[in-house]
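1. heads up, no residue letters with this:
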């Protein structure tokens, strides 16, 4: 009896099936790489660049907090936390994508980081302007405060406290002002003293401003009490005791708002 051999009809070799499957897998992977992975990797690199800018602002902000006071300012964080960068190698980006990340999500995170960085930039500008400002700048800001009438800076010849430019804890400037509704003896804001409205004492360091407030604290609840005092930056804002407690607070708040107001730059 003769052996017979049969040939499968209309069947492709297994190798061709495997090749076809692999080709489709590779094409799919290529599409994913081009449409998802590479854009995510590019966005991740941009994310790290945003992190660098933010962290630089965070370092500056945290440094300024050591040299100036925000105790009486609203909306200023007590510290700026540093942010970590992400791994932008292809393998890490693929893992990130598999965990649900995308270029779109990363771009949204970048916008958030940029907004936070801009917020810190604004706060930095404010802290810099209230740290040991010039007497001319302080006097100019006081002119914009409601209820302030006359303004006068002390000189070595008329400084009632004898602290102007004193090396050990003295102020670099002291600007007295008179205000609405207060009538006391004297022919000038300096001669009327803090009783006439108040004063802003400018110190070169936060430590000097804090020491001044500690000194003034010793007169609280005594007949020598001259009014309220509050540190803003490296300045001590003093308000006349003739005002009620609420009025002292309101005047301090108006002055603080003016001192922390930012003027628009040319770029803005």
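-> The structure has been received and is ready for your questions. The structure presented is a predicted model; accordingly, all values stated were derived computationally and were not measured.
2. and the strands in the stretch 101-250 of the chain?
-> Taking DSSP state E, counting those that start in this stretch as the criterion, the stretch 101-250 of the chain carries its strands at 148-153, 173-179, 197-202, 227-232, 235-240.
3. quick one, what contacts residue 230?
-> 72, 213, 236, 237, 252, 256 (Cβ atoms under 8 Å, 6 or more residues apart in numbering). C-beta: built from backbone N, CA, C; applies to glycine.
4. and it, how far from residue 77?
-> 20 Å (Cβ to Cβ, to the nearest Å).
5. what of residue 125?
-> For residue 125 relative to residue 77 (Cβ to Cβ), the value is 15 Å.
6. same check, this time on residue 68
-> Distance of residue 68 to residue 77, given as Cβ to Cβ: 14 Å.
7. neighbour-wise, which of these two wins?
-> More crowded of residue 68 and residue 77, by other Cβ atoms under 10 Å: residue 68, with 23 against 15.
8. so that one sits against residue 233, correct?
-> Yes: using Cβ atoms under 8 Å, residue 68 is in contact with residue 233, at 4.7 Å.
9. what residues are shared contacts of these two?
-> Taking Cβ under 8 Å, 6+ apart as the contact rule, residue 68 and residue 233 both touch 127, 130, 131.
10. want to throw the contacts of residue 230 into a markdown table with pLDDT?
-> Output for these, formatted as a markdown table (pLDDT from 0 to 100):
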| residue | pLDDT |
| --- | --- |
| 72 | 94 |
| 213 | 96 |
| 236 | 98 |
| 237 | 98 |
| 252 | 97 |
| 256 | 97 |
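11. ChimeraX command to pick out the buried ones of these?
-> A single ChimeraX command selects the buried members of those (16 or more other Cβ atoms under 10 Å):
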select :236,237,252,256
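12. could you identify the most distant pair in the contacts of residue 230?
-> 213 and 256 (14.9 Å; Cβ to Cβ).
13. returning to that earlier point: for the strands of the stretch 101-250 of the chain, which one ends up most surrounded?
-> strand 197-202 (a mean of 28; mean count of other Cβ atoms under 10 Å).
14. what about that strand, distance to the chain center?
-> Between the centre of strand 197-202 and the centre of its chain there are 26 Å (Cα atoms, centre = their mean, to the nearest Å).
15. quick check: angle from it to strand 235-240?
-> Relative orientation of strand 197-202 versus strand 235-240 (axes from the mean of the first three to the mean of the last three Cα atoms, to 10 degrees): 170 degrees.
16. now strand 197-202 against strand 227-232, angle please.
-> Angle, strand 197-202 to strand 227-232, by the same axes, to 10 degrees: 30 degrees.
17. so residue 152 makes contact with residue 176?
-> Yes: Residue 152 lies in contact with residue 176 (Cβ under 8 Å); the separation is 5.4 Å.
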